[in-house]
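# Fold the following and give me the result.
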Amino acid sequence: MAAKRRKTQIPPPPKKETGAGKEIQVNPPPPQEEIVVTIDPRSLECSICFEPLCHPIYQCILGHVACRLCWKKIENKCSTCKKPIGGQNIALEAVLESMRLPCPNANLGCCKSLSYSQMQLHKDRCEFTQSVCPIPGCAHEAFSGQWLAHFVKDHWNHGYDYSDSSHQNYGTPCTIRFDFKDFEEDRYYTFLGPGKDVFLLVKEAIPNGTALTLYYIDLPDLGRNYIECELRVQGGPSLSSSLQSESQVVSIQEWKRGEVHGSSLLLPSQFLLDGYMMVNVVLHKEKR
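So this is what the prediction gives:
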């Protein structure tokens with residue numbers, strides 16, 4: 001790690017006048033000092049999940065650090081030395097918070113500079129982040145805020161529109177019928193919300209059943225809203241069986257084909273005994 005010091009000059013404050021017309025020169029504060037360093041990003045990663053460290057940061061009694069969620073996963077015992085957790089590393093948290101980094105999309109027009117701990121969240125929401133359409137076989141690329149037109153034009157064979165003015169808070173159920181032929185391949189259903197909100201309901205086969213997951217593709221105001229999805233499925237003989245879930249809508253970036261996570265609704269194979277099933281989808285959007 002290379003480091004050098006530099007001083008940031010602060011211009012002296014303007015002179016002040018007293019009631020008698022005399023000027024008083026106020027001594028300027030000493031120059032602020034900054035340390036410019038070059039750090040290997042790997043040294044700022046969690047030693048367990050290898051994701052960037054973020055507040056709060058905990059360490060074992062020998063000083064090995066990891067993020068809070070990972071400490072819980074390993075029952076508060078260090079994965080490196082097996083020693084117990086020693087406490088919170090406040091100094092490292094302060095260092096990470098004081099680091100200011102330019103957005104990786106600066107060359108595309110983003111002018112924001114953020115702390116290290118805020119950078120990952122910003123990258124997921126930056127309007128200058130360009131990504132590839134998640135629909136298999138589609139190579140279209142777009143920035144945040146541009147996906148609405150693409151999905152309406154190219155992927156509206158299975159679509160549901162929440163963007164009517166009477167549905168500003170969502171809450172209106174949509175019912176989808178899955179027939180036997182729908183289970184022979186993965187299916188994708190587009191949901192449009194107010195503004196430029198775009199969601200994708202993914203149905204894909206997993207061992208011994210099916211997984212249903214709702215992802216968001218574009219949520220320009222995600223930081224000011226909380227999006228929740230209710231999934232209720234009826235299937236089996238004469239639709240006699242039902243399953244339901246309530247979960248927060250997650251980013252399409254978390255979709256890995258063939259894998260499931262906490263927001264997925266898992267359906268056993270017996271839901272197909274009558275050759276079809278009914279899926280009820282309700283979206284809720286709440287201000288934070």
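# Extract the residue ranges of the stretch 51-200 of the chain that are flagged as low pLDDT.
Where the stretch 51-200 of the chain drops to pLDDT under 70, the residues are 124-125, 157-169, 182-184, 194-195.
# Pull out the buried positions in the helix or strand that contains residue 152.
If you go by DSSP states H and E, residue 152 is part of helix 147-154. Using 16 or more other C-beta atoms under 10 Å as the test for burial, helix 147-154 gives 147-148, 150-151. For glycine as for every other residue, the C-beta is placed from the backbone atoms N, C-alpha and C.
# Of these, which pair is most distant in space?
148 and 150 (7.3 Å; C-beta to C-beta).
# Let's have the buried residues of helix 147-154 in JSON lines, adding distance to residue 272.
Formatted as JSON lines, the buried residues of helix 147-154 follow (distance: C-beta to C-beta, whole Å):
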{"residue": "147", "distance to residue 272": "32"}
{"residue": "148", "distance to residue 272": "33"}
{"residue": "150", "distance to residue 272": "32"}
{"residue": "151", "distance to residue 272": "28"}
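# Out of these, the closest to residue 262 would be?
residue 147 (24.4 Å).
# Contacts only, for the residue lying closest to that closest one once chain neighbours are set aside.
Leaving aside its sequence neighbours, residue 147 sits nearest to residue 218 (C-beta to C-beta, 6 or more residues apart in numbering; 4.4 Å). Contacts were defined as C-beta atoms under 8 Å, 6 or more residues apart in numbering; by that measure residue 218 touches 144-148, 196-198.
# Now for residue 139, how many residues are close by?
7 (other C-beta atoms under 10 Å).
# The residue lying closest to it once chain neighbours are set aside and residue 148: what is the separation?
Closest residue in space to residue 139, ignoring its immediate chain neighbours: residue 132 at 6.5 Å, by C-beta to C-beta, 6+ apart. Separation of residue 132 from residue 148 (C-beta to C-beta, to the nearest Å): 16 Å.
# Residues contacting the helix holding residue 152, please?
With contacts defined as C-beta under 8 Å, 6+ apart, helix 147-154 is touched by 133, 138, 140, 142, 159, 190, 192, 196, 198, 217-218.
# Return the subset of these lying in strands.
142, 159, 190, 192, 198, 217-218 (DSSP state E).
# Name the residues of the strand or helix carrying residue 69 that are buried.
In this structure, residue 69 sits in helix 68-73 according to DSSP H and E. If you call a residue buried by 16+ other C-beta under 10 Å, then helix 68-73 has these buried ones: 70-71.
# Same question for stretch 110-127.
Buried-residue list, stretch 110-127, by 16+ other C-beta under 10 Å: 110, 114, 116-119, 122-123, 126.
# which stretches of the stretch 51-200 of the chain form strands?
Under the criterion DSSP state E, counting those that start in this stretch, strands of the stretch 51-200 of the chain are mapped to 57-60, 65-67, 85-88, 100-102, 113-115, 130-132, 141-143, 159-161, 174-179, 187-192, 198-206.
# Is it possible to get TSV of the ones you listed that adds distance to residue 260?
Converted to TSV, the strands of the stretch 51-200 of the chain look like this (distance: least, C-beta to C-beta, whole Å):
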stretch	distance to residue 260
strand 57-60	29
strand 65-67	23
strand 85-88	30
strand 100-102	33
strand 113-115	32
strand 130-132	22
strand 141-143	27
strand 159-161	23
strand 174-179	18
strand 187-192	16
strand 198-206	6
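# for these, which one sits closest to residue 42?
strand 65-67 (12.9 Å).
# What is the closest one packed up against?
strand 57-60 (3 or more C-beta pairs under 8 Å, 6 or more residues apart in numbering; DSSP states H and E).
# Using CSV, write out every CA atom in the strand it packs on.
In CSV, the C-alpha atoms belonging to strand 57-60 read as follows (Å, rounded to 0.1, in the frame of the first residue of the first chain):
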residue,chain,number,x,y,z
ILE,A,57,-17.7,-4.7,10.9
TYR,A,58,-16.8,-7.3,13.6
GLN,A,59,-13.5,-9.0,14.4
CYS,A,60,-12.3,-12.0,16.3
